[in-house]
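S.K.: Got a predicted structure here, sequence first:
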Amino acid sequence: MLSDTIIAFCNALRDPLALTDTLGRVAMINPAFRDLLVLGPEENEPRQLFQLMPAHRRRDQETQLQACLRGEHIVSATSELETRDGRRVPVRLTLSLFHQNPDADPLVVWSFKHNMDVNPPPLDHLNLILEDEIHSKEKILDHTVSALEVEISERREVEKELHMSRRQLRMLSQKTLELLESDRQMIAKELHDSIGASLAAIKFSLEGWLEMYGEQLPSNEIPFDRIITHIMETIKETKRISANLRPTTLDDLGLIATAQWFCRNLAGLYQGIHITPRFDVSEADIPETMKIVVYRVLQEALSNAAKHGQARNINVSLMLVDGCLELTVDDDGCGFDREYVMKDEDNLSGFGINSMRERVEICDGRFDLRTRIGEGTRIRASLPVGSGSAAYRP
């Protein structure tokens with residue numbers, strides 16, 4: 001006996017289906033099979049499934065049934081069924097075994113696909129159809145290839161224009177930095193040579209005049225001592241501004257001496273900060289065009305660590321690594337939230353970082369910033385020193 005679940009499942013299938021025992025005796029057929037055979041709902045189903053097949057097909061179906069019982073897979077085998085009104089319906093037959101009860105013999109599931117051409121057309125006709133399909137697919141493929149070639153060509157043009165735009169933007173940025181450094185150099189020179197020299201001359205003149213006539217002046221007259229002190233402070237401030245704009249030692253003594261001076265000067269300005277510089281590179285290894293870039297990055301990174309990072313120890317290193325000049329500034333300060341500082345809404349917080357990054361990237365270099373709140377900050381700038389590297393001249 002078939003369970004209600006199995007009967008309901010078979011009756012719900014769209015494809016014609018029959019269940020038989022191992023001898024081909026019908027256990028049930030579903031409504032789709034009845035429709036295919038033109039059997040009314042009240043008509044009894046056939047007792048033997050082979051009775052529904054033409055005589056010349058029965059031996060083949062019996063052979064396939066035996067093969068199925070041996071465990072072979074019978075899929076889409078060619079067959080025919082005879083309907084109640086005498087028509088022959090071409091079908092494709094699939095056989096499989098169904099074990100409803102482990103202690104009983106299995107049932108055989110006969111699944112049919114109708115509206116199939118049992119007698120296939122001649123091979124020549126199939127070849128013609130296949131050739132037409134291949135020709136049609138070739139046309140589609142040729143059209144697709146042509147479209148892809150056009151798209152690739154257009155994309156190459158766009159990439160070429162983008163490359164040119166980037167190159168022009170880089171050249172413009174180089175020129176802008178050249179002008180900026182040139183202005184810095186000129187202003188620093190004017191402060192040092194002109195204003196600084198004039199203030200020094202005024203100071204020396206007052207000191208000489210005071211030495212010559214100081215004893216003849218009443219004590220309550222003009223306080224020349226304080227005036228001279230103010231002039232000396234002004235001279236120091238002028239020198240500091242000039243050095244920040246562009247230290248003369250960079251042109252006179254080179255980058256390494258200037259970097260060492262800046263580290264000492266910064267450690268003197270901020271009490272409690274210990275800066276450890278390590279320069280494993282000679283001055284001759286540093287291209288002239290790179291010196292101002294390295295110095296500006298070093299200047300900004302150390303100033304940030306001292307002013308904002310609350311660092312106590314700062315390690316500075318400059319070395320050659322794989323054909324690149326690599327500057328690293330590593331501090332043990334408070335660190336910061338990089339995403340917050342660099343977000344678009346804050347136009348000023350990340351200005352110094354963006355300035356360092358732009359200087360490095362204009363020279364085809366790589367800029368890396370790693371920081372986390374409470375874990376310090378590490379800035380690394382890597383600049384190519386080959387002959388083909390891009391750099392700007394100060």
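M.R.: Happy to help now that I have it.
S.K.: quick one: contacts for the closest residue to Glu62 other than its chain neighbours?
M.R.: Once flanking residues are discounted, Glu62 sits nearest to Phe50: 6.8 Å by Cβ to Cβ, 6 or more residues apart in numbering. For the C-beta atoms, the positions are set from N, CA and C on the backbone; glycine is no exception. The neighbourhood of Phe50, defined by Cβ atoms under 8 Å, 6 or more residues apart in numbering, consists of Gly24, Arg58, Gln61, Glu62.
S.K.: Can you name the next helix or strand after the helix or strand harbouring the last one?
M.R.: Think Glu62. Glu62 is part of helix 55-69, with elements assigned from DSSP states H and E. Past helix 55-69, heading to the C-terminal end, the next element that is a helix or strand (DSSP H and E) is strand 74-82.
S.K.: Now that following strand: average pLDDT?
M.R.: Here the mean pLDDT over strand 74-82 is 83, rounded to a whole number.
S.K.: do stretch 384-391 as well
M.R.: 58.
S.K.: Where does the prediction get shaky in the stretch 1-150 of the chain?
M.R.: Within the stretch 1-150 of the chain, the segments meeting pLDDT under 70 span 1, 115-129.
S.K.: Show me where the chain has its strands.
M.R.: 17-20, 26-29, 74-82, 88-98, 107-114, 274-280, 313-321, 324-331, 366-371, 377-384 (DSSP state E).
S.K.: which one of the ones you listed lies closest to Ala305?
M.R.: Nearest to Ala305 among the strands of the chain is strand 324-331; the distance by Cβ to Cβ comes to 4.1 Å.
S.K.: in its sheet, what does that closest one sit against?
M.R.: Under the criterion DSSP bridges, strand 324-331 sits next to strand 313-321 (antiparallel), strand 377-384 (antiparallel) in its sheet.
S.K.: Keeping just the C-alphas, turn it into PDB.
M.R.: Extracted C-alpha coordinates of strand 324-331, given in PDB (Å, rounded to 0.1, in the frame of the first residue of the first chain):
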ATOM      1  CA  CYS A 324      64.700  54.700  -1.400                       C
ATOM      2  CA  LEU A 325      65.500  57.300   1.100                       C
ATOM      3  CA  GLU A 326      63.400  56.300   4.200                       C
ATOM      4  CA  LEU A 327      62.600  58.700   7.000                       C
ATOM      5  CA  THR A 328      60.900  57.400  10.100                       C
ATOM      6  CA  VAL A 329      59.600  59.400  13.100                       C
ATOM      7  CA  ASP A 330      58.300  57.200  15.900                       C
ATOM      8  CA  ASP A 331      57.000  58.700  19.200                       C
END
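S.K.: Residues contacting that strand, please?
M.R.: Here strand 324-331 makes contact (Cβ under 8 Å, 6+ apart) with 281, 285-286, 290, 294, 297-298, 301-302, 305, 309, 311, 313-320, 365, 376-385.
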